[in-house]
Each structure stands twice: as structure tokens, then as C-alpha cells.
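S.K.: this is a predicted model, with the sequence first.
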Amino acid sequence: MKVIDAMTRALSGAMLTVLAAALLLPAPRAAASGSDDVGCVSTTFRLASPNDKICVTAYSDPLVPAVTCYLSQARTGGYKGAVGLAEDPARFSVACTATQAVSLPANLPDDADVFSERTSIIFKKTTVHRFVDRQRGVLVYLAYSTKIVDGSPMNAVSVVPFAKP
């Protein structure tokens, strides 16, 4: 009986340590540099904890400053969402627009990650990747979700024209 009590106390202590460490980690929805939260709408009412939401965030392309992408994404509420431990679903949409005439900077890579945001405490993130389609004169922005074990086929695409040289 003493062995079981000791194991129970050790397990309880370990669980408290893990929970305390998780609470000290930054929330996965911390705004990335060059991003601004535009707004959120609630989708699921929760009486005693934060609601599930769809939020829109604006991201400026760091290498093509005339382009801003708007990413709408489902965010999980509840107690886990409030402390940054919830895993957000891989459901999102992206729309990119030119805020002025777009000209490509010299040496712009033909494809590169533009920005990413964690959507779970450790294993999952949403990324927006830029492709340059020089033949058609457009920048193609692809939003997708990755997960270490099992990624999602959910994706969204947006296109912005640029001035051909």
C-alpha cells in the first residue's frame, strides 16, 4: 500500500510539474513579426471559458512589402485554448492583395516560406509559402498545415500580379 501511495504522489507531482512548465511556455498564437490581428468572430459558445473563434490576421510579406496576406483561421477556445494548450484545427483561408504596385526585389527566391504560426503547443503549425510564377507574372501564396506525425491536406491559395520587367 505504501508503494502505491508513493507512486500516486510521484505521478501527481510530475503532472503538476508538466502543467506548470506548459503554462510558462508562450501561447502558440503569439503574433508573428509583421502581423496584425484584424478581428475575430465567435463560432461556439462556451459558458465558463473562451469561445471557439475564427480570427483574421494580416501578414506583410517581408520581401515584397507591397503585398499583405489575410489568413482566417479557426481557433479553439475552452480552458486549453485560454492557456495556449489547445490544438487548433487545420481549417483556414488565405487572401493576398497588393497595397500598391508590386515590383519584385532583386534576387527574390522562386519559392520560400513567408511566415508561419504555431497552432498547437509543440507539433503543429500553419505556414504561408510564396512561389514566383514569372511566366504568368504572379506571386502565388499557399497556406498549409504541418504536423510532425500526420500533416493535413487542407490548404488555400491566393495570387497577386506583379509588374513584369
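M.R.: Structure's in. What do you need?
S.K.: quick check: mean pLDDT across the helix or strand harbouring residue 140?
M.R.: Using DSSP states H and E, residue 140 maps to strand 138-147. For strand 138-147, the mean pLDDT works out to 89.
S.K.: I'd like the numbering to begin with 18 instead of 1 from here.
M.R.: All right, first residue 18 from here; so that's strand 155-164.
S.K.: what residues of it count as buried?
M.R.: By neighbour count on 16 or more other CB atoms under 10 Å, the buried set for strand 155-164 is 155-162. (Glycine included, C-beta is placed from N, CA and C.)
S.K.: contact partners of that strand?
M.R.: Applying CB atoms under 8 Å, 6 or more residues apart in numbering, the contact partners of strand 155-164 are 78, 81, 84, 86, 88, 107, 109-111, 113, 119, 131, 136-137, 140-150, 168-169, 171-179.
S.K.: now do 6 Å
M.R.: 86, 107, 109, 111, 113, 140-143, 145-148, 150, 169, 171-179 (CB atoms under 6 Å, 6 or more residues apart in numbering).
S.K.: beyond that strand, next helix or strand please.
M.R.: Next element after strand 155-164 (DSSP H and E): strand 172-178.
S.K.: thinking again about what came up before, now the strand holding residue 157 - C-alpha only, PDB.
M.R.: In PDB, the C-alpha atoms belonging to strand 155-164 read as follows (Å, rounded to 0.1, in the frame of the first residue of the first chain):
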ATOM      1  CA  VAL A 155       2.100  36.500 -60.400                       C
ATOM      2  CA  LEU A 156       3.100  35.600 -56.900                       C
ATOM      3  CA  VAL A 157       1.300  32.500 -55.600                       C
ATOM      4  CA  TYR A 158       0.800  32.200 -51.900                       C
ATOM      5  CA  LEU A 159       0.000  28.800 -50.500                       C
ATOM      6  CA  ALA A 160      -1.300  28.300 -46.900                       C
ATOM      7  CA  TYR A 161      -1.000  24.800 -45.500                       C
ATOM      8  CA  SER A 162      -0.700  23.000 -42.200                       C
ATOM      9  CA  THR A 163       2.100  20.700 -41.000                       C
ATOM     10  CA  LYS A 164       2.200  18.300 -38.100                       C
END
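S.K.: tell me what the host helix or strand of residue 131 is packed against?
M.R.: Element membership of residue 131, judged by DSSP H and E, is strand 128-135. On a contact count with 3 or more CB pairs under 6 Å, 6 or more residues apart in numbering; DSSP states H and E, strand 128-135 meets strand 141-150.
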